[in-house]
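[1] Whatever this is, show me its structure:
(one chain, ligands or ions: 1)
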Amino acid sequence: MDNPSTTSSTPVTDAEQAGWQEIEEITRKLTEEFRIKDQTSKSRGYEISGMTCVLSSAYEIPTDNPAVLYTSQPRGSDYAVEFLLHGAAAKRELIEYPDYPQEPYRPSELKERPYSIVEISGKGLGMVATKDLAPGDLIVAERPLLVAPRLLRTLGSVVFNDNATKEQQEAAKSFETEKTIRYAYDRMRPEDQAAYMKLHNAHLHDGSGPLFGIMRTNRYALFDLQGETYTGVFEDLSRINHSCCPNADRRFNRATLSMQLFAARNIKKGEQITTSYCDLLAPYATRQLSLAPYGICCDCPACLDHVESDKNRLRISHLQSAVPAIIKWAANPALPDDLLLRPSLTMLELLESEGLEATRHYAQVLYHSMLIYSALGESSTNECLHFMARWAKLKRWDAGGSNPAERGKHDLEKVEIASFARRLLATGEGAAVVFVTEVN
Ligand SMILES: C[S@@+](CC[C@H](N)C(=O)[O-])C[C@H]1O[C@@H](n2cnc3c(N)ncnc32)[C@H](O)[C@@H]1O
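    So this is what the prediction gives:
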């Protein structure tokens, strides 16, 4: 393999030189592991060109812009995440995030770990609740073992010879991808490497190398950097099996670099905790296609009765914000009180019967219901507070998104909404009713 120091016009630093030596060592190890007899890529139908420098353990943002950059974040943490990033601008965007870095709730810091990882018949390992959980309860907040872009660039660009066969091209891409991940893997703590290698690999027979196979089987999309989606592989969260009616939902919190998993509905002690690997509102046939690479033939209630479920999910997928309609209805007391309430409660029932409490649509309908009851005034205070609390409990895990004041907060939250009570409007008594609820 060419050393970039001979092709690059800029001087090569000691760190870069050390980085390339490591990559050469990785190539040698992989060549042995993949049982490749001839070490030169040329004889395997391709060449590497356009090599860009890879930095080793330096924490500072480099001034140049390497194609692939490796870093452990947060700096100096004993619970750091290994990152494979596409370029220095991605690293800058990662570490300049407001309030970054903060400590996540570590699994051990949850007073009582509410789950265990056990064998699930026909599904390998899975996560099971060890106590009853209510909607909005935090199950785990975990940092990934490894983060990488969904569409990986390899360390150098692969250029195929004219006579390279399709098989050679696939093998070359796989080999170079494996090498690119291997560099990150070799930087991980030994216990994290062991945890990574223990994860399930659904790509043993499609030419993927072991590290990429495990990555493809176990990664979740986390966030975007420089317009690219980054994904993460987790020790515990990657053990959660899929369901098209999942009982848990996940949110990635950028400030703490942790994925928060919370109950989306009541989960009984001993029940399996599930999440979704695909678009839940897509029809059955599309979901099956997305799940095929995992080797999953889903047997959830929605897949077993997919004709009925497809109709329901299509209807749910058309749900839009009803807020403009609620405002118009509230301001016109001539319209019946139950005009919007009935459709809203019917939609809620439909979402629950489909097991779609983990979707944003469910939170949206809780919010609509809360607004409608608030507009119905004092006689509906209890209903309004009821929906408000349910909505707020699920929504609090959205914190860490766009509102810096909310980021990293998990404790007691206070929610207030001002009602525009339509009955008071009708009698000309004004509309100032404030509902307040506390969520813990
Ligand atoms: C991310 S892993 C989940 C944990 C995995 N069961 C294990 O043993 O580590 C994904 C793999 O779990 C299995 N799996 C997940 N959900 C499943 C389901 N609903 N039905 C059958 N197998 C499932 C498949 O083998 C899939 O490739």
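[2] And the residue of the stretch 101-250 of the chain found nearest the ligand, its phi and psi?
    Among the residues of the stretch 101-250 of the chain, Gly124 lies closest to the ligand, at 2.7 Å counting by CB to the nearest ligand atom. C-beta: built from backbone N, CA, C; applies to glycine. Dihedral angles of Gly124 (phi, psi; degrees, to the nearest 10) stand at phi 70, psi -150.
[3] Write down the beta-bridge partners of it, one by one.
    On the basis of DSSP bridges, Gly124 takes part in beta bridges with Ile120.
[4] can you check Thr274 too?
    When Thr274 is checked against DSSP bridges, its beta-bridge partners turn out to be Asn241.
[5] residues near it, how many?
    Counted with other CB atoms under 10 Å, the neighbours of Thr274 add up to 24.
[6] Report pLDDT for it.
    Reading off the confidence values, Thr274 has pLDDT 98.
[7] And it, how far from Ser121?
    14 Å (CB to CB, to the nearest Å).
[8] now for the host helix or strand of Glu24, which elements pack on it?
    Secondary structure from DSSP states H and E places Glu24 in helix 14-33. Packing contacts for helix 14-33, counted by 3 or more CB pairs under 8 Å, 6 or more residues apart in numbering; DSSP states H and E, involve helix 166-187.
[9] interface residues of this protein facing the ligand?
    By the criterion of CB under 6 Å from any ligand atom, the positions of the chain lying close to the ligand are 123-126, 199-200, 202, 217-218, 238-239, 241-243, 294-296, 298.
[10] Type out the PyMOL command that picks the buried ones from the residues you listed.
    Buried residues among the residues of the chain next to the ligand (16 or more other CB atoms under 10 Å), as a PyMOL selection:
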select buried, resi 125+126+199+200+202+217+218+238+239+241+242+243+294+296+298
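[11] from the residues of the chain next to the ligand, which ones fall inside helices?
    Filtering the residues of the chain next to the ligand for membership in helices, criterion DSSP state H, returns 217-218.
[12] And for Glu93, the neighbour number?
    Each residue near Glu93 was counted by other CB under 10 Å, and the total is 17.
[13] Please name the residues that touch it.
    Listed by CB atoms under 8 Å, 6 or more residues apart in numbering, the contact set of Glu93 reads 225-226.
[14] Pull out the buried residues from whichever helix or strand it is part of.
    Secondary-structure element containing Glu93, defined by DSSP H and E: helix 88-95. Buried residues in helix 88-95, defined by neighbour count with 16+ other CB under 10 Å: 88, 90-91, 93-94.
[15] Tell me where the stretch 201-350 of the chain has helices.
    Chain-ordered helices for the stretch 201-350 of the chain, with DSSP state H, counting those that start in this stretch as the definition, fall at 210-218, 284-291, 301-304, 306-317, 323-330, 341-353.
[16] Could you dump those helices into TSV and include mean pLDDT?
    Formatted as TSV, the helices of the stretch 201-350 of the chain follow (pLDDT from 0 to 100):
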stretch	mean pLDDT
helix 210-218	96
helix 284-291	97
helix 301-304	98
helix 306-317	98
helix 323-330	85
helix 341-353	97
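[17] so which of the ones you listed is the most packed in?
    Among these, the stretch with the highest mean neighbour count (mean count of other CB atoms under 10 Å) is helix 210-218, at a mean of 22.
[18] which helices and strands sit right next to the next helix or strand along the chain from the helix holding Glu24?
    For helix 14-33, the following helix or strand on the C-terminal side (DSSP H and E) is strand 46-49. Applying 3+ CB pairs under 8 Å, 6+ apart, we find strand 46-49 packed against strand 157-160, helix 166-187.
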